[in-house]
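Fold the following.
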Amino acid sequence: MLRKSGILVALLCAIGAAVLTWPSFFRVDRLSPIAQIISFRPLVALAFAGLAMVALLIALVPPLRRGALAVTLVFIVAAAANGTIILSRGVTADELPDKTATSIRVMTWNTAGSATDPDTVARIAVAMDADIVTLPETTIETGEQVALAMRDLGHRMWAHHAEYGTDGWDARSTTLLISPRLGEYSVIRSSQDGSSNTSTVPSAVAMPVSGDGPIVVAAHAVAPRPSYMQHWRDDLQWLADQCGGADVIMAGDFNATVDHMGGLGVDGGDLGLCHDAAVETGGGSVGTWTTALPALLGAPIDHVMASSHWEATGSIVLRADGGSESDHRPLVVQLEPVSP
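Residues are numbered from 1 along each chain as shown. Modelled structure (predicted):
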């Protein structure tokens, strides 16, 4: 009887481990509570390692030995598989190559509104020589302060935004800064009036009015709280739809890791036709949220993505700055145009 029970427990543990390790294969990556759990794959890997140790201790009890050893093996394999996935996406988002005449640097940072001083954003953006800065949870008033501070530091930017109402909640606004060297831009009407946009917090789609710059999407999907799951799923689909051309750069707070994007990529893309720049440059497992955890244990939910016209050549996740109490870390990526 104990032997049969041990086999059953081991089988159930194997199924659970497989679901948490390869959630998109089982098409549960956007279902609660799986979606919330898999956001922190490093913690999942550590949990499996801890459970393996507990099962190994249980195996010291003779009547439970076979079943416990089977469960131990399941958890060891699960921990190793998760660790392999983490390493394959990269844990070293700490370097950018020298900028060239054709490079575009993109910085995204969910500033948590008033939790971050505009001068801090400006100083970091200028230090990173950013050409595009997407700032979810940042009002246009704050964005203009950032642009003015950057101008004073010799780095001009134009400020754009999209917002849902003026109720004082900074998350209802997303600001986008674009360098004049990319040309003149304008946020499309559907972003401004919300007729085609993310559901609860806004994204901003900016099109080039002059010049030959890319379409730029400042992204902000709603968080996958239990009561917002369908809105979150719709937001990810909407963002995937925005990346339907060859010359798109999309950056912001997706409130999703690449583990949540199963089935949303097209022709090998991670989301629509876009590829995740951090994954391509060996930093895809470095967490941008939350700052309460070390970066290697956090969730990489902030992304810079680009379609086929662009190749990512470097990425860096910055430490939380003293001038910010945001729970997100800034992410900076360098992109180079792909020769036709």
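
For T102, grab the count of nearby residues.
9 (other C-beta atoms under 10 Å). In short, each C-beta sits where N, CA and C put it, glycine included.

Wait, it touches S339, no?
No: between T102 and S339 there is no contact under C-beta atoms under 8 Å: 9.9 Å.

all helices of the protein, in order?
2-21, 34-38, 41-58, 65-89, 118-127, 140-152, 189-193, 229-242, 277-280 (DSSP state H).

tell me the most buried of these?
Greatest average neighbour count among these goes to helix 277-280 (a mean of 24), per mean count of other C-beta atoms under 10 Å.

ok, now which ones touch the closest residue in space to I124 that isn't next to it in sequence?
Spatial nearest neighbour of I124, excluding adjacent residues (C-beta to C-beta, 6 or more residues apart in numbering): P330 at 6.1 Å. Contacts for P330 were tallied using C-beta atoms under 8 Å, 6 or more residues apart in numbering; they are M107, T108, W109, I124, T288, V317, L318.

top of those residues by neighbour count?
Ranking the contacts of P330 using other C-beta under 10 Å puts W109 first, with 31 neighbours.

Look up how far D152 lies from that residue.
Between W109 and D152 the computed distance is 19 Å (C-beta to C-beta, to the nearest Å).

and if you look at D117?
Where D152 is concerned, D117 sits at a distance of 15 Å (C-beta to C-beta).

Also D119?
10 Å.

and what of S88?
Distance from S88 to D152, counting by C-beta to C-beta: 43 Å.

Repeat that for L96.
Shown here: L96 relative to D152, a distance of 24 Å by C-beta to C-beta.

residues contacting the closest residue to A45 other than its chain neighbours?
Excluding the flanking residues, the one nearest A45 by C-beta to C-beta, 6+ apart is N82, at 3.7 Å. Applying C-beta under 8 Å, 6+ apart to N82 gives the contacts T21, R41, P42, V44, A45, F48.

which stretches of the stretch 151-300 of the chain form strands?
Using DSSP state E, counting those that start in this stretch, the strands found in the stretch 151-300 of the chain span residues 158-163, 173-178, 185-187, 204-208, 215-220, 248-253, 275-276.

so can I have a markdown table of those strands showing distance to D131?
Shown next, in a markdown table, are the strands of the stretch 151-300 of the chain (distance: least, C-beta to C-beta, whole Å):
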| stretch | distance to D131 |
| --- | --- |
| strand 158-163 | 11 |
| strand 173-178 | 7 |
| strand 185-187 | 12 |
| strand 204-208 | 13 |
| strand 215-220 | 10 |
| strand 248-253 | 10 |
| strand 275-276 | 19 |
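
Among those, single out whichever gets nearest to V304.
Closest to V304 of the strands of the stretch 151-300 of the chain is strand 248-253 (C-beta to C-beta; 4.3 Å).

elements contacting the closest one?
Applying 3 or more C-beta pairs under 8 Å, 6 or more residues apart in numbering; DSSP states H and E, one finds that strand 248-253 contacts strand 104-108, strand 132-136, strand 215-220, helix 229-242, strand 302-306, strand 331-337.
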